[in-house]
Each structure stands twice: as structure tokens, then as C-alpha cells.
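Participant: Predicted model, plus sequence, below.
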Amino acid sequence: MRMAVTTSFENSGLSEVLLPAIAAETDLDVELVVVGTGQALRLGEAGDVDAVLVHARTAEEAFVAAGHAPHRREIMYNDFVLVGPADDPAGLAEATSATEALARIAAAEVPFVSRGDDSGTHKAELALWEATGLPPEGEWYRPVGAGMGAALNTAVGMGAYVLSDRASWLAFGNTEGMALLFQGDPALFNQYAYLPVDPGKNDDIAGDAAARLEDWLVSERAQSLIDGYRVSGEQLFTFNATR
Amino acid sequence: MVAALPLTLRGATLRRRGRRLVGPVDLTLGPCGVTVAIGPNGSGKTSLLRMMHGLQRVAEGAVDWSLPEAEARQRQAYVFQHPIALRRSVLANLAYPLRLRGVTRAGARAKAEEIAARFDLTAQLGQSAPSLSGGEMQRLALARALITMPEVLFADEPCAALDGAATREIEGHLTAAAASGTRLVMATHDMGQARRIADEVVFLLHGRIHESGPAARFFAGPSTPEAAAFLRGDIVE
Amino acid sequence: MVAALPLTLRGATLRRRGRRLVGPVDLTLGPCGVTVAIGPNGSGKTSLLRMMHGLQRVAEGAVDWSLPEAEARQRQAYVFQHPIALRRSVLANLAYPLRLRGVTRAGARAKAEEIAARFDLTAQLGQSAPSLSGGEMQRLALARALITMPEVLFADEPCAALDGAATREIEGHLTAAAASGTRLVMATHDMGQARRIADEVVFLLHGRIHESGPAARFFAGPSTPEAAAFLRGDIVE
Amino acid sequence: MGDLLAGLGEALRLIVTLDAELIEITLRSLRVTLTALVIACVIGLPLGGWLAVRRFRLRRAVIATLNALIGLPPVVVGLVVYLLLSRSGPFGVLNLLFTPTAMIIAQVVIITPLVASIAHQAMRDLWSEYHDLLISMNATRGQRILTLLVDGRRALLTAALAGFGRAIGEVGAIMIVGGNIDGATRVLTTAIALETGRGQFALAVGLGLILIGLALVVSWASHWVLRTERQGTW
Amino acid sequence: MGDLLAGLGEALRLIVTLDAELIEITLRSLRVTLTALVIACVIGLPLGGWLAVRRFRLRRAVIATLNALIGLPPVVVGLVVYLLLSRSGPFGVLNLLFTPTAMIIAQVVIITPLVASIAHQAMRDLWSEYHDLLISMNATRGQRILTLLVDGRRALLTAALAGFGRAIGEVGAIMIVGGNIDGATRVLTTAIALETGRGQFALAVGLGLILIGLALVVSWASHWVLRTERQGTW
Ligand SMILES: Nc1ncnc2c1ncn2[C@@H]1O[C@H](COP(=O)(O)OP(=O)(O)OP(=O)(O)O)[C@@H](O)[C@H]1O
Ligand SMILES: Nc1ncnc2c1ncn2[C@@H]1O[C@H](COP(=O)(O)OP(=O)(O)OP(=O)(O)O)[C@@H](O)[C@H]1O
Ligand SMILES: [Mg+2]
Ligand SMILES: [Mg+2]
């Protein structure tokens, strides 16, 4: 079976832990198609993949409402973090909330890289800006229209701040001169959900396999793997599926 | 076998970018004999031969063979003023026209070797054709044209690069071909050669046929002063 | 002005893929006169001229000018057996060697027009050179070679495609050039021409100089049977 | 700079340890690209020859169009092939999406105009040399094209190598139609893109060096096989 | 199929409304690509000519290498240029990263081998025709190359157009070094990649059609200007 996932999931490296376990325990051969959030949902809509794993709640709900998936199953979450130049010109380290952190960036007019691609991360970022009440506009605000990895690379190259999911940041190799500067606000919560594609779309959709994968993903075995996944000693994802 | 000849040209005219290169030409080419086109440089000998052969489309008038054009073309061969060699060996060049006609590789090879011997090219068979000397190249071009035993052979100054002995030998091949039924249409600057082998002469001047007729009569006494001047080797205006 | 001549060949040999095309040749070319290379097809006339001009590197022996090679080359010109035309107009072809030497566009143009008039190419000046007729092309090649007034001119069968009148006219140009100091080295198949203009004859056979000497003596009575046979137009083995 | 050196080290490490995954994706890269190249040559070389020997009214426009199609943006080609092969698309029943076949299709679309353009350009000169002779010998159109292809084979090498290079280095289209699925459609370029996205530059550069090495080997080998640049003219 | 038609509609809409952003990124695409092409031609055409006229021991190897470099994977080129231009890299002080200049640099690296290879191939034939004459006339090496470039200009058009096509459709490298920054470095191809990632396939196809249209206009115009395919040989 094929599952479309977002780049942040693939970049985190979690898939390399889960896939072998899935193969061993359910004899499902899961192939990951790694694309942007919008593209992932379009692949599901066209029936080209059997399931979708993304993190963009509004879009997911619309997907279910349009009948492309029978339901949406929350699996796990991680969180977003604000990353920026290690010398922290905007003083994020002193911020007490995510909105305050962004407000500091806007006030200092230091470069900020935005995904700008309508992905889950991008939507979360826009929601945060809205909460600050400040319009993210100006020379310092750089929407790069690219995936998480490319946006991180751009931010590193520019010495800019960027909102990243924790997983992508921790797994990221090119961290030169950059540091994690703000984290922990509940507003930065990032929920991943599993959407099995409606098997009625065409005959080739492996609805049965998608259901079995869903069962595995919410199993205790999956929970221990997800919660136990560490990069540089840090836990990346937290399992929160309801059984 | 129906013959491709006679060939009839009626008011045939060749133009290039507005300029009239040849014509209008009216001419009938009967079934046998040797026709030699003569005339000063740039008078249109090459253009006339190319037009007859169908390499150049006429702007006005008509060039008619007795057979449909494709069939007639199949029975002709042409030796160019600047020989064109395929970038292959001499052997492959000789075999090429036969291969085009579907002759087997072995059959074509045998025939090519046979004709190479007749044209004194055996030593060069394996050599790359573009590296031949001027005279060898011209012999190759002639041999390649004759290998299909064409009904009509156009030859544009086929002996210009040949030494005395080779010229006479090639003339021998040409007259032998003519005797065995190949209609020969040839352009030459060598008046001695024209005298030796022509049955019929076409004297061109400024793209038109200025005088034509049986060779014997023409060389004995051309009827126009220009032709007379040309035969004397004087400049013709 | 120091002269590029005399040219000395000592044991000069040309090879291609193991085969000896020419040589070993020992020859000295003095400062004036007309040397004509004759010999059957494939005897190595073209190869000898190319070797002297430096177009082909010798495998053994030496080709020595009295000046360093680059300077000597600057004073030579070569007319190829198959004329090579730049894909430009006749005017641009004529002006090209002057432009290479840094002559201004206007200056080169004026000279080109002047020489075109002498070689009867004025009507063709704007025409694309590759579309010239065989004889016109050969006149172009000669004119282009003479436009720089070279000290040495190599000409490989420069009249093969020319009609009788043009041949005599070109011979006139060549002897005029020779008279005004251009050293002429020429290959030809036309024994009449060789007799008319040669001061010195080099008779080649199988890539070697079989006989050479003053033209008058050679044509009056060659000392080898092969040369005699060649002059009679017989096949030379 | 450090990353570049590290990339070199990475490339060496992957090669000397004969990394199993590296071998797998390298072989897949080669298989996809060579298959696409063969198809593109089978279409493009005769097409180039045909355009060289055939005179028709729209010829110039066709050649100019072919030249322009070299610029087909890979992402768009990928997208269009995706839409056609998608299960909801017209060829969905073939179930080709996210398979090497789909990648081959996309690559064929991308490189055929390049191969045909270069081939046409190479054979146009040869045709102007052969034109009179082949017309005079009454060669059929097919025979003319075949003769040009055979006698111009060394010039066509550039066309084939350009097509190979374009295909082996391509990533935009095959990413979309292949999906970069580990073990199924991952090839060198998509792996490089993945590692770049992960910020693993040394690994990405290392894979890139291996890819360039592959292109060098293929180019040298084909030049050697065709014995180019040896003899003067042919 | 619906998406393809919608893409056509989208393209028409963008064009007839003279969408300001479309015009901006289209002009930027053209500026970046044409600048890169000019630089690549200034390097590649004489290099191709030089390889045609010069005989030296490693010539074959150099030509084969040049042919292989056509296959430089754009992502790797982008990465290396990124590493060189990044603030911690050797040319960091120039502050060129994420500017159109960086994109031009990457494109020059990508298309120069293609331009030089095709140019070499085109001029090799012409050189074998002119060889004897130019040697005999004692033309300097520069004059030889210049003559080949001038007399072979129509054949070189294919080289230039291939380079243009490759550059205008390229996305992998310029995405990395340009960053696809809205209003600064976004060009047609990066916009297409963005819309594809967003699942806005119609818009992506629409932009793609505009890009292809651009390539067609450039190709037709240059064929028309050089009056190719008009006269027989030249
Ligand atoms: N494409 C062309 N454009 C313009 N003029 C042309 C073209 N082709 C040929 N000509 C001219 O047409 C005239 C006749 O040429 P043609 O080759 O038929 O002469 P020819 O009698 O064979 O001369 P030669 O004895 O020198 O070979 C020449 O003046 C030539 O310059
Ligand atoms: N590249 C080559 N490889 C092999 N043989 C060659 C090569 N070039 C020339 N030859 C041979 O060398 C011999 C001499 O050639 P050359 O052109 O010098 O003869 P030539 O005296 O000028 O003859 P012609 O009167 O026919 O022009 C010929 O037999 C030719 O086939
Ligand atoms: Mg003629
Ligand atoms: Mg010769």
C-alpha cells in the first residue's frame, strides 16, 4: 500500500523506525510518497495513494467532509519550535509566549523565513501571526515557498528566524550558527492525523490494508516506538491516539 | 522493358533568386548515342545536366521522361563535377547504389570488387573514400555511377582531374558503356575529348543552347561565330 | 626583406596509417621560376605540395624554409585541388586573407573588387561562394590566393575546371605573377600547360621524384622510359 | 568548504563499502535513464534525420518548436504525466503511477526534444554534403535517413550523451511521478534531493559526486567505443 | 484531464488579466535565464570552437568530460554553489546567496557544458571543411575560432536554444541558491514547484504553459532573426 506523508514526517527519520516494524509485524509493504501537504491531499483525492498522514487540521477536516476519507484519526503530535541565529538578535530567549516571540521578531525586523507553501507548518505560523495582531509584511519577512528542509536551508543561509517542527529541526544536519531559541508554548502544538482514503474511489485502493495500518498505528507497539524515538537524546513525537 | 528515353525538354527554365541560370531550353534526347555539352565557364552546363536529371526543379517549362519520374530516376546515374564521396570506405561507396536497390551484402561486394578492378581502384578498396587523390576520387565516382548499369548516364567533366592515360582509359569505359546501350550526356572542357566521343554536341552560352547538332558537322564547321570562337579557344562574349 | 626561399627538402617522407604516401624526397626550390609537378593519378603531387606548404607533417626528414615556419607561411598561398569556399559571399571570400592580416574592411573591399575584375568575377561578387560554377570557383580560389601577393604560390591543378579561354587567361595571370617575383609551384595534368609555363619539371611516380630538371630538356627528351611513356599518354607502371 | 570535502569522503566511503542501498539506487538510476535514452533515441534520432532530409512548408516552425521544447519544465512534465497516469486520469487503469515505468515516460518526454534537436543539427550539415548524391541515387526517404544516421554516428553521440546527461541529472519530474519511494522508485537524484532537504549536505554531495562519476564513465566509454576524434573526417 | 483543461483556463486568465505577479516572475525568469545564457555562450561557444580547432593529447578526454558534465545534477550544483556562497563559505562576504545573481551563477554552471558540447559538435564538421584553408592562410587560433563561429552561426543557434531551454526550465538548483523568495527570487519554475507542492495543479499547469509559450516565442524569434533554413547551405 502507498501512503502520502509530508516532508517533515519523512525528514524526522521516524519513518525509518516505523516502516521496518510495520513490515515485520503486519506484512504490509508500505511505500511512502513524500510530498507537500496540499499535494498529499490531492494524491488522496485522486485515489493514487491509500492513506495520507499529514498535519493540517482544517484541510484534513475539509478532506473528510468532501468524502475523500471516511474519518480522520489522530495518531501523535510533536511541536513547533522557533529557530534562529545563535546570537539571537531579536531576543527570543526572553519571550514568554509564542506570540511574544513573533512580535519581537517583527519589532526587530530581523529576517524571518516563512514556508509560504500552505503546508501545515505554514498554516500554523499564519495562525500565530494572526494571534499577535501584527501583519507579517516587509523586507524582513521572506516567504520561500518550499518544503521544511529547503526553508531551513534558506534560513541558515540568510541567518534568519524560522518556524520549524521539532522533528525536522532535530534531524536537520545543516545547523551551522543556528540554535533552537523558543519552544514549549502550547500554541505550538502540532497534531499528526491519519486519513485512510475512501476505498470506493477505485478498485485499486487497498482499503483493507489502510485499515490494518491504522490499527497498527494506534497499537501499543506503535506507541512504544513513537514515544521511544530519540534524536540526540530528545523525544520527537508523542503518541496520543485514542484506541 | 519500356525505356525511360526519349527525354524531352520544352521551354525548361531554371531560376535562382530571380536570376535565370538556364533556359528556356528545348531539346530532345533520343535513345542512343553520346551528347556532349560544351561552353564557357558559367554558361550553364552543370545546371542543364542537373535540370535534366531532376536535381533542380524547373521554374517554367517541362522536363519529361517517357516513364514516371521515380522510375526514370531509377535508371539514371550522375557523376558530379565535384565528386561526392560518402564517408565510408571505397568498397562501401561502390556497393552503396546496389545496397539501395536491395542487393545482398555479399552480392554488392562482389560486384563492387569487380568494377573496382576495371577502374583500377583495387588497391584503394579499404581506404576511406574522402582521402582519395583527386583522380582516384573521380574514378570512384564514375565506377559507382556505372555499377547499376544505368540507361542514362550524366557525367559532368568526368575526366577533369585525370592524367592522360587515365583519361583515355575512362573514355574507353564510357564509349563501351555507350555501345552497350547506356545513353551518355556529358559536359566537358576538353575539346579533344569532345571530338573523340561525341555523337551530338550542345553548345551553351549564357544559359541557352546557342548551337547544337551532330558532332561531326559541329566540329567541322560551327555555324555561329561564337561557337567558332570558342573552338579556337578565344574569349566568347 | 629577407626571403623565405630557398626551400629545402631533405629525405622528406609522408606517411598515413603506416603507408608511405610520398618520399623520401630531396629537393631544393630556388628563388624564382615556375616548377611544375607532373605524374600519374595518385603519384603524390598533391601530397608533395601539401607537405612543402606545411599542411602535412613529415614523418621523416625535413622541410626547411629560410625563415621560421610561421613567417614563411605568411608569405605563401595555396590553391587546393578541390577549391574550398568559405560559406560567405564571393566578396567576403576575396577579402578574407586581407582581413586576417588586419587590413581595414574598406581597404580589403577595394582590393577584393580590383582583383575580382582581373579574374572576371565582378558579376558574382554578391553571390554565395559555394553556389559558384566549377570554373568560377577555381578562379575565385586563385584570386583569393594572389590577393596577398605571396612570395610562393602553390597551385594544385588550378585550371582543371576551366574552359580553353579561361585557362589561357589564368596562365597569363600566373606567368605575370611569376614574372613579378612570385615563386610558382604547380601540379597539373595538362601537358600543354606544363610545356607553356614550366621552367622546371618534377616528375613523380609512386610518391618519389622519378625524374626532375629544366623543363625544356625534360620535354625535349626525358631520360627515363617511364617519363617518356607518361608524356606519350601511355600507362606508366 | 568543509561540506564539500566531507562529501568527497562520504562518496569514497559509500563506494568502498559497496553500500547496498547505494548500489540499488545507482542501478535503478541507470536502468531508468538508459531505458528512457534508448526510447528517446529511437524516436529522436530518426526524427532529427527526417527533419534534415525533408523539405515542407512548416519545417522551420517545426524545428523552432522542437528547439523550444528542450525547455519543457520538468516539473510541468511530471505534473502532466502524473495527471494522465493518476488513477482518476485517463490511463489510471494501467496502474503505472509511482513505478519506474512512469519515471521513464516522464524522462522520455523531457529528453526527446533535446536528442532530436541536436541530431537534426548534426545531420543537416551532412545532408547538405550528401543531398545531391542521395537524391540522384533515388534513395528512399528511409534510406536517406539511415545513411545520415550511419555516417553521422559520431556526431549523434553528442545528442545521445546530452540526452543521457539531462535524464540522469533530472529530478523535478521523476520526483512527482515516481514519488521517491524507498526501495521502489528512489534514484540517485531523488536521494540527493532528500538528503539536501534533511540538511545532510555531505551525503548529498557524496551522492552527487557518484552521479557525476557515473556520467563520466558512460561518456568516456561511449567515446572510446565509437573511437571518436581518431581519424580526420570519419 | 480536468486539471489540464483547468490549467489552460488558468493560463489564459493570468495572461488576459495581465496578472502583476505573473509579469514580475516571468520577467525575472527571463532576466536570470538570458543573463546566464549570455555568459554561458561567451564561455561555451569559443570553448567549443577551441576544442574543434585545437589538437592536443587529452582532447578526446576533455570532450568526453564536457559531454558528461551535461549530466551535472542541478541539485548538486545548487548545493555546491550554496555552500560556496553561504555566509560561512569562502564567498560568503559577497552576500550573494538568495539573490538572482546566485541563480545566474548556478545556471551558468549547469548550461555551459551543454552549450559548449553542442557548439563543438557543430563546429567540428565546419572545421573539417575549413581546416586546410585556414591553416594555409596562417590564421591565428583566435581567427580560426571566430571564423567558425561566424560561418556556423546558424548551427550554433541550436546550442544557444538548448542552453536557454535547459535554463528556463531548471528548478532544482535555483530553488536551493535562490530560495524561491516571494518578490525577490521567485521565478516561473520555482512558482510551479510551489503550486505543485500546494496541490494547486491547475495553477501549476497554467504557469507551465506560460513558460512553454515563452520558450516557443524565444525560439521562433531567434530562428526568424537568423533566417535559418532559408537558403541551401548558408
Ligand atoms: N544558387 C545560385 N545562385 C546564383 N547563381 C548561381 C547559383 N548556382 C549557379 N549559379 C550561377 O549560374 C551560372 C551557371 O552555373 P553552372 O554551374 O551551370 O555553369 P557551368 O557551365 O557548369 O560552368 P563551369 O564550366 O564553370 O562548371 C554560373 O554563373 C553560376 O554562378
Ligand atoms: N589519408 C590517406 N590515407 C591513405 N592513403 C591516402 C591518404 N591520403 C592520400 N592517400 C593516397 O596517397 C596517394 C597520393 O595521393 P595524392 O593526392 O598526393 O595524389 P596526386 O598525385 O595528387 O593524384 P591526382 O592526380 O589524382 O590528384 C593516393 O594513392 C591516395 O589514395
Ligand atoms: Mg559546371
Ligand atoms: Mg592531386
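Facilitator: Looks like it arrived, so ask away. Ligands and ions are numbered 1, 2, ... in the order given.
Participant: residue contacts, A:V162?
Facilitator: Shown in contact with A:V162 (Cβ atoms under 8 Å, 6 or more residues apart in numbering or on different chains): A:82-84, A:112-114, A:151-152, A:154-155. All C-beta atoms are positioned from the backbone trio N, CA, C, and that covers glycine.
Participant: 6 Å instead, please
Facilitator: A:83, A:113, A:151, A:155 (Cβ atoms under 6 Å, 6 or more residues apart in numbering or on different chains).
Participant: likewise B:I235?
Facilitator: Taking Cβ under 6 Å, 6+ apart as the test, what B:I235 contacts is C:A165.
Participant: per-residue confidence at it?
Facilitator: B:I235 is assigned a predicted lDDT (pLDDT) of 73.
Participant: burial measure for D:V150, as a count.
Facilitator: The number of residues packed near D:V150 is 13, by other Cβ atoms under 10 Å in any protein chain shown.
Participant: Would you check how far apart it and ligand 2 are?
Facilitator: Using Cβ to the nearest ligand atom, to the nearest Å, one gets 21 Å for the distance from D:V150 to ligand 2.
Participant: again with B:E69
Facilitator: B:E69 is 35 Å from ligand 2, by Cβ to the nearest ligand atom.
Participant: Repeat that for B:L7.
Facilitator: B:L7 is 33 Å from ligand 2, by Cβ to the nearest ligand atom.
Participant: so that residue touches B:T28, yeah?
Facilitator: No. Counting by Cβ atoms under 6 Å, B:L7 does not reach B:T28; the two are 7.2 Å apart.
Participant: Looking at those two, which one has more neighbours?
Facilitator: Between B:L7 and B:T28, counted using other Cβ under 10 Å, B:L7 has the larger neighbour count: 21 against 11.
Participant: Please give me every residue in contact with that one.
Facilitator: B:29, B:65.
Participant: Specify the beta-bridge partners of it.
Facilitator: Following DSSP bridges, B:L7 is listed with bridge partners B:L29.
Participant: give me the low-pLDDT residue ranges for chain D?
Facilitator: Within chain D, the stretches with pLDDT under 70 are D:1, D:228-234.
Participant: Check which helices and strands the helix or strand bottoming out on mean pLDDT in chain A sits against.
Facilitator: Lowest on mean pLDDT, DSSP states H and E among the helices and strands of chain A sits helix A:7-12, with a mean of 78. The contact analysis (3 or more Cβ pairs under 6 Å, 6 or more residues apart in numbering or on different chains; DSSP states H and E) places helix A:7-12 against helix A:148-158, helix A:166-171.
Participant: Buried by neighbour count: which residues of that helix qualify?
Facilitator: A:7-12 (16 or more other Cβ atoms under 10 Å in any protein chain shown).
Participant: Go ahead and measure how far it is from the middle of the chain.
Facilitator: 7 Å (Cα atoms, centre = their mean, to the nearest Å).
Participant: The helix or strand just after that helix and chain D in contact?
Facilitator: Remark: after helix A:7-12, the chain's next helix or strand is helix A:14-26, criterion DSSP states H and E. No. Using Cβ under 6 Å from any Cβ of the partner chain, we find that helix A:14-26 stays clear of chain D, coming within 7.7 Å at best.
Participant: I'd like the average pLDDT over helix A:14-26.
Facilitator: On average, helix A:14-26 scores 87.
Participant: Let's check: the centremost residue of chain B is which one?
Facilitator: B:A155 (1.6 Å; Cα atoms, centre = their mean).
Participant: Tell me if I'm right that it and B:V79 touch.
Facilitator: Yes. Assessed by Cβ under 6 Å, B:A155 is found in contact with B:V79 at 4.3 Å.
Participant: Report the buried residues of the top helix by length along chain D.
Facilitator: When chain D is parsed with DSSP state H, its longest helix is helix D:100-136. Buried residues in helix D:100-136, defined by neighbour count with 16+ other Cβ under 10 Å: D:100-127, D:129-136.
Participant: burial measure for the residue of chain D found nearest chain A, as a count.
Facilitator: Closest to chain A within chain D is D:G197: 2.8 Å, counting by Cβ to the nearest Cβ. Under the neighbour criterion other Cβ under 10 Å, D:G197 is assigned a count of 26.
Participant: repeat for D:D151
Facilitator: 18.
Participant: Surely it and B:R87 touch.
Facilitator: Yes. Counting by Cβ under 6 Å, D:D151 does reach B:R87; the two are 4.7 Å apart.
Participant: ok, and what's touching the longest strand along chain A?
Facilitator: Taking DSSP state E as the criterion, chain A has its longest strand at strand A:73-85. For strand A:73-85, the surrounding residues in contact (Cβ under 6 Å, 6+ apart) are A:92, A:101, A:124, A:159, A:161-167, A:169, A:178, A:180-183, A:188-194, A:214, A:217, A:226, A:236-241.
Participant: what's the angle between the helix or strand following that strand and strand A:73-85?
Facilitator: As assigned by DSSP H and E, the chain's next helix or strand after strand A:73-85 is helix A:98-108. Note on geometry: by axes from the mean of the first three to the mean of the last three Cα atoms, to 10 degrees, helix A:98-108 and strand A:73-85 are set 30 degrees apart in direction.
Participant: for chain D, what spans make up the helices?
Facilitator: Secondary structure of chain D (DSSP H): helices located at D:2-16, D:20-53, D:59-69, D:74-85, D:100-136, D:141-151, D:153-169, D:172-178, D:188-197, D:201-225.
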